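Chemist: What follows is a predicted structure for the sequence shown.
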Amino acid sequence: MAAHAPPNSWSTIPFVDLWSLLAQHAAHRHGAIGRRSALELGLSESTLTSWVDQGRLLRPAANVLVIAGSAVTWRQRASVAALSGGGFASHRTAAALWALDGFEPRQIEVLTLHGLRRRRSAWVVHETRNLRGVDLDEVDGIPCTSVVRTVLDLPAVAHPFRVAQALDCACRRRPGTLEAVAQRHRELKRQGRRGSRVMAEMLAERLGTGRFTDSGFEASAVRLVRRFGLPEPVLQHCVRDGDFVAFLDLAWPAIRWAVECDSLAHHFGKRAHEWDRLRRRRLKRLGWDVVEVTYDQVTKQAGTTGRELRDLYDLAAHTPGTRRIRRQIA
């Protein structure tokens with residue numbers, strides 16, 4: 001008797017079923033699908049190219065396909081923009097997706113990691129060196145920044161009155177949002193971040209100056225490692241490997257050891273968890289040992305945290321593998 005292929009083998013799926021699978025996947029994303037996602041569904045490059053040639057698929061931007069005849073809407077444009085650059089709908093676009101007061105579906109803006117930018121005239125691309133899983137979410141099938149990150153990014157592009165509307169709207173919907181925004185603001189705060197002062201004033205007004213401090217994680221962590229005698233770190237050190245880019249808060253490249261902020265804000269959804277897990281695994285594979293500490297550990301438990309970081313740094317510096325790395329870099 002002839003052997004049968006396993007029931008879930010792609011070789012057993014008829015041509016029309018592959019098209020139905022692609023169309024079903026795209027339907028949840030307003031007719032759009034990323035090229036990589038299409039390949040992960042079991043489609044080949046030659047099949048995709050053939051469907052484009054036949055007019056069944058359109059290529060509105062790099063690495064994105066759209067089902068021909070699907071409705072061209074603002075949400076489809078937002079989905080295409082996010083998928084094209086490996087980014088996330090952000091700023092005013094994310095505010096509109098979250099239906100925050102003061103923002104309507106008009107502009108298309110996306111946020112990507114610094115160094116991955118793809119220039120397009122059809123939408124605005126913002127770059128950041130600090131993007132973690134806690135900053136990411138999904139609305140109606142569109143990858144976008146979380147409510148907290150969206151509110152924090154708005155002062156860079158919108159009038160303070162409209163930012164205040166959005167902040168208050170978000171806080172009314174979910175208890176604890178104001179505290180989460182304040183926490184993430186401190187973690188992201190660094191010199192030159194646009195809109196940081198405006199947001200600090202809004203938070204101080206709503207929380208009271210007695211409850212809100214505006215000392216950022218990066219500055220506090222640098223003071224701490226200096227106090228405990230660690231060598232001067234490299235701030236926002238870029239680790240690049242092919243299409244992977246990560247920026248480490250405080251890094252010591254000679255021994256591939258780093259300290260990063262572990263946000264206390266909650267993750268919402270599968271996308272946020274996957275982002276952090278993939279990032280950690282890739283850094284580990286590249287030989288990086290990353291220690292995560294919270295803002296409170298750096299500021300309120302400085303003595304204990306500083307001694308622990310000192311011990312961990314010494315351990316990393318005296319590991320045989322890191323001595324070999326130092327010789328290679330030198």
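Modeler: That came through fine.
Chemist: List the buried residues in stretch 230-245.
Modeler: Buried residues in stretch 230-245, defined by neighbour count with 16 or more other C-beta atoms under 10 Å: 230, 233, 235, 237, 239, 245. No exception for glycine: its C-beta is placed from N, CA and C like everyone else's.
Chemist: quick one: the first one is in a strand?
Modeler: Okay, so that is Leu230. No - with DSSP: H, G, I helix; E, B strand; the rest coil as the criterion, Leu230 is coil rather than part of a strand.
Chemist: ok, back up a step: quick check, nearest of the buried residues of stretch 230-245 to Gly55?
Modeler: Of all the buried residues of stretch 230-245, the one sitting nearest Gly55 is Val245; the distance, using C-beta to C-beta, is 35.6 Å.
Chemist: Direction included, what does the one helix or strand that closest one maps to pair up with?
Modeler: Under the criterion of DSSP states H and E, Val245 resides in strand 244-252. Counting by DSSP bridges, the strands paired with strand 244-252 are strand 234-241 (antiparallel), strand 257-261 (antiparallel).
Chemist: still on that earlier bit, which of the buried residues of stretch 230-245 lies closest to Ala26?
Modeler: With C-beta to C-beta as the yardstick, the closest approach to Ala26 among the buried residues of stretch 230-245 comes from Val245, at 27.3 Å.
Chemist: quick one: the closest one and His114 touch, right?
Modeler: Yes - with contacts counted by C-beta atoms under 8 Å, Val245 reaches His114, the gap being 7.2 Å.
Chemist: that older thread, can you put the strands paired with strand 244-252 in JSON lines and add distance to Ile108 and mean pLDDT?
Modeler: Putting the strands paired with strand 244-252 into JSON lines (distance: least, C-beta to C-beta, whole Å; pLDDT from 0 to 100) gives the following:
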{"stretch": "strand 234-241", "distance to Ile108": "27", "mean pLDDT": "90"}
{"stretch": "strand 257-261", "distance to Ile108": "30", "mean pLDDT": "92"}
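Chemist: any idea how far Leu113 is from the spatially closest residue to Thr319 that is not a sequence neighbour?
Modeler: Using C-beta to C-beta, 6 or more residues apart in numbering and skipping residues adjacent in sequence, the residue nearest Thr319 is Ile255, 7.8 Å away. For Ile255, the distance to Leu113 equals 24 Å [C-beta to C-beta, to the nearest Å].
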